[in-house]
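Colleague: After the sequence you'll find the predicted model.
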Amino acid sequence: MENNISVYHQRRQTVLEKIGTDGIAILFAAPERRRSNDTEYPYRQDSYFHYLTGFPETDSALILNGREQSATLLCRPKDPDSEIWHGFRYGPEAAREHFCFDQADDICQLTTHLKNALPGHRQLYALWGLYPERDPEIINLWNDVNRIAHHRSINGSTVIPENLINLAVILDPLRLIKDNHEQSLMRIAAEISAQAHIRAMQKTKAGKYEYQIEAEILHEFMSHGARYPSYNSIVAGGKNACCLHYVSNSDQLQAADLLMIDAGAEYQMYAGDISRTFPVSGRFTSAQKDVYDIVLAVNQNSIEATVKGANWQTLSANAIRMLTEGLIDLHILQGSLEENIDKQHYRRFYMHGLGHWLGLDVHDVGGRFDSNGQSLLLQPGMVTTIEPGLYIAAADDIPKAFHNIGIRIEDNVLVTETGNEILTASVPKTTSAIETIMQQ
């Protein structure tokens, strides 16, 4: 699926309308980052910049001029010698035409364009703090224009920005609701991720190393056009699964252990994010199945409740209640349900939240509360993970059968007008389905 350039143009128009004729906004592309000596990390465009431009190159900037209702891209010029070494560049003229900007120019002209654009606007929007090295440039330029405007007009105006505003207050709510184009890309990212988890289940055997299973996952990603994972894959056997962000992936898999995998493909900038837990041997022990079924029930119950108008805080509280009940039933927690919840004893075994927003970033932008501190109700177009878990490290007060059982079951769920769509439904998660696929 190719990028639909009109989508980015429409988003820019929406932002221009929101900042109004008094507003001007500046955004920057992500810089390249050095990995070692003269090599860089694989380049990934800044998510905000991509959301509004679709433009894939570093050393670029976008100016949104509310007074003129126009969008100007500043980017690197064409350079045949550089392109021999580092690959194709659009250059300003081709970028303007291909990506539907009103104007485009050499990035070296950024200061000139900003100086000309700042007068006549009362609000200056930027993603302050996102790239701290950029903030002083804007502030110094703003101060220069401010001083001049006190004495004479610039470009026919003595009005200059008097408010510095975080552009995220406009962009984050827009990004929180995925449009049809985004939903299509996220379905693909989720399905590639699902197929990778299935491959991992089929390739897992005692004696293999975690990194070998990670290699199978990455193979599946790349085979289907997802060049990179959306985050460092977690392939955690046995006790390693009790470390939430274990990424060493270096240990040998033991037959008696569970393997917890948290991995997702990034497809055209959009993230998949799936967790599955399964037995290395291909068969759950009784204790493993008991814990697993508690987590699975919470996963399924929470997904069922992830619908238009639902309150996320209610979903999270219900998940905590179900997990705590399960731990009491297994005699891992003692005492009453209310006492264990009030004193948060469950946090020893469930120390994270029920899920997070998903999109261009794996932990996507957008809060769970509105500006008045009220819980956001779920709306169609929102995509969230649902990922309950239980992590039972070895300890003297824990029955040995439950030692080092770490389980997380995570799906990607799109809220729709009529309910929801489980984007990751094709990867099995019941114990019987997992055992069946591991025997194939």
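Modeller: Here it is on my side, so go on. Residues are numbered from 1 along each chain as shown.

Colleague: what packs against the host helix or strand of S6?
Modeller: In this assignment (DSSP states H and E), S6 forms part of helix 5-19. Counting contacts by 3 or more C-beta pairs under 8 Å, 6 or more residues apart in numbering; DSSP states H and E, helix 5-19 packs against helix 47-53, strand 61-65, strand 70-75, helix 91-99, helix 168-176. C-beta coordinates here come from the backbone N, C-alpha and C atoms, glycine included.

Colleague: distance between the third one and the chain's centre?
Modeller: The one in question is strand 70-75. For strand 70-75, the separation from the chain centroid amounts to 26 Å (computed by C-alpha atoms, centre = their mean, to the nearest Å).

Colleague: Can you mark which positions in it are buried?
Modeller: 71-75 (16 or more other C-beta atoms under 10 Å).

Colleague: Then the last one?
Modeller: Within helix 168-176, the residues scored as buried using 16+ other C-beta under 10 Å are 168, 170-172, 174-176.

Colleague: picking up where we left off before, got JSON lines for the buried residues of strand 70-75, with distance to I160 and pLDDT too?
Modeller: Shown next, in JSON lines, are the buried residues of strand 70-75 (distance: C-beta to C-beta, whole Å; pLDDT from 0 to 100):
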{"residue": "A71", "distance to I160": "21", "pLDDT": "98"}
{"residue": "T72", "distance to I160": "19", "pLDDT": "98"}
{"residue": "L73", "distance to I160": "23", "pLDDT": "98"}
{"residue": "L74", "distance to I160": "21", "pLDDT": "98"}
{"residue": "C75", "distance to I160": "26", "pLDDT": "98"}
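
Colleague: I'd like those residues written out as TSV, with distance to Q440 added.
Modeller: Compiled in TSV, the buried residues of strand 70-75 are given as follows (distance: C-beta to C-beta, whole Å):
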residue	distance to Q440
A71	52
T72	56
L73	51
L74	54
C75	50
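
Colleague: and which of those residues is nearest L16?
Modeller: Set against L16, the nearest of the buried residues of strand 70-75 by C-beta to C-beta is A71 (7.3 Å).

Colleague: Any regions of this protein where pLDDT drops low?
Modeller: For the chain, the stretches with pLDDT under 70 are 1-3, 150-158.

Colleague: In it, spot the helix with the most residues.
Modeller: Longest helix of the chain, by residue count under DSSP state H: helix 180-203.

Colleague: Mind listing what's buried along that one?
Modeller: 181-183, 185-201, 203.

Colleague: picking up where we left off before, please identify which pair of the buried residues of strand 70-75 lies farthest apart.
Modeller: Of all pairs drawn from those, the greatest distance, 12.8 Å, lies between A71 and C75 (C-beta to C-beta).

Colleague: all helices of the stretch 301-440 of the chain, in order?
Modeller: Secondary structure of the stretch 301-440 of the chain by DSSP state H, counting those that start in this stretch: the helices cover 312-329, 337-342, 431-439.

Colleague: In JSON lines: these, plus distance to A126.
Modeller: What follows is these, written out as JSON lines (distance: least, C-beta to C-beta, whole Å):
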{"stretch": "helix 312-329", "distance to A126": "30"}
{"stretch": "helix 337-342", "distance to A126": "43"}
{"stretch": "helix 431-439", "distance to A126": "48"}
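
Colleague: Please identify the most buried of these.
Modeller: helix 312-329 (a mean of 18; mean count of other C-beta atoms under 10 Å).

Colleague: gap between that one and the chain center?
Modeller: With C-alpha atoms, centre = their mean as the basis, helix 312-329 stands 25 Å off its chain's centre.

Colleague: I'd like the distance between R11 and K239.
Modeller: Counting by C-beta to C-beta, to the nearest Å, the separation of R11 from K239 is 46 Å.

Colleague: swap that for H356, sorry
Modeller: 25 Å.

Colleague: Give the helix, strand or coil label for R67.
Modeller: Put simply, R67 is coil when judged by DSSP: H, G, I helix; E, B strand; the rest coil.

Colleague: Show me the protein divided up by domain.
Modeller: 5-173, 177-439 (automatic domain parsing).

Colleague: Deepest-packed of the ones you listed, please.
Modeller: Of all the domains of the chain, domain 177-439 has the most neighbours on average by mean count of other C-beta under 10 Å, namely a mean of 19.
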